[in-house]
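Chemist: Okay, structure incoming, though there's no sequence with it:
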């Protein structure tokens, strides 16, 4: 099968069995949504609790992924509202996702380090400070500051262009 045939088959399979899919993953997706709404209801800043909630929502996301994957490929329908937690497969997916993120982040960090080394770090600071003063001026005097007042230097334009390319 070609890629588009596999994707269309999977998509149609999801649409045909949408009710079963919601029964399988609905509780976990609801939990993920509730965890994401925590800052709305509890705006206090507890870093440790936020870190724990991020880990729980990540595990639930991979749990949903594995349950959907097993439903799609193996026609495995759980008997309860919450699907079985397949520890090995879930953490394998988590590990591979971390590796993919690392493979994407590492070149960006090298690129950023190269830019900071080649260009003077003060130019980045001056760009940020001029941008922040521009924003502050807009907030304080919204009617008096035209949008085109803020001009980037050529060096700042080049740095932004390098970031865009990376």
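Modeler: Nice, I can see it. Note that the structure is predicted; figures quoted are calculated from it, not measured.

Chemist: At the geometric centre of the chain, which residue sits there?
Modeler: Centroid-nearest residue in the chain, with CA atoms, centre = their mean: residue 101, separated by 10.3 Å.

Chemist: In which helix or strand does that residue reside?
Modeler: helix 87-118 (DSSP states H and E).

Chemist: Can you name every helix or strand that that helix contacts?
Modeler: Packing partners of helix 87-118 (3 or more CB pairs under 8 Å, 6 or more residues apart in numbering; DSSP states H and E): helix 47-74, helix 154-165. In short, each C-beta sits where N, CA and C put it, glycine included.

Chemist: Just the angle for the first one relative to helix 87-118, thanks.
Modeler: With axes from the mean of the first three to the mean of the last three CA atoms, to 10 degrees applied, the angle from helix 47-74 to helix 87-118 works out at 120 degrees.

Chemist: Break the chain into its domains for me.
Modeler: Listed by automatic domain parsing, the domain ranges of the chain are 3-107, 119-165.

Chemist: Adding distance to residue 113 and mean pLDDT, write these out as a markdown table.
Modeler: Shown next, in a markdown table, are the domains of the chain (distance: least, CB to CB, whole Å; pLDDT from 0 to 100):
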| stretch | distance to residue 113 | mean pLDDT |
| --- | --- | --- |
| domain 3-107 | 11 | 86 |
| domain 119-165 | 11 | 61 |
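
Chemist: got a list of contacts for stretch 29-43?
Modeler: Outside of stretch 29-43, the residues within contact range by CB atoms under 8 Å, 6 or more residues apart in numbering are 50, 53, 56, 57, 60, 61, 64.

Chemist: what about the residue nearest to the centre of the chain, distance to residue 139?
Modeler: Using CB to CB, to the nearest Å, residue 101 is found at 35 Å from residue 139.

Chemist: what does residue 11 give?
Modeler: Using CB to CB, we find residue 11 at a distance of 46 Å from residue 139.

Chemist: same check, this time on residue 94
Modeler: 41 Å.

Chemist: can you check residue 8 too?
Modeler: From residue 8 across to residue 139, the span is 50 Å (CB to CB).

Chemist: same question, residue 42
Modeler: To residue 139, residue 42 is 28 Å away according to CB to CB.

Chemist: same deal with residue 28?
Modeler: The gap separating residue 28 from residue 139 is 41 Å, by CB to CB.

Chemist: Could you report the separation of residue 4 from residue 133?
Modeler: 51 Å.

Chemist: So if I had to pick from the two, which one is more boxed in?
Modeler: Neighbour count, other CB atoms under 10 Å: between residue 4 and residue 133, residue 133 has more, with 11 against 8.

Chemist: That's all I had, so thanks and see you.
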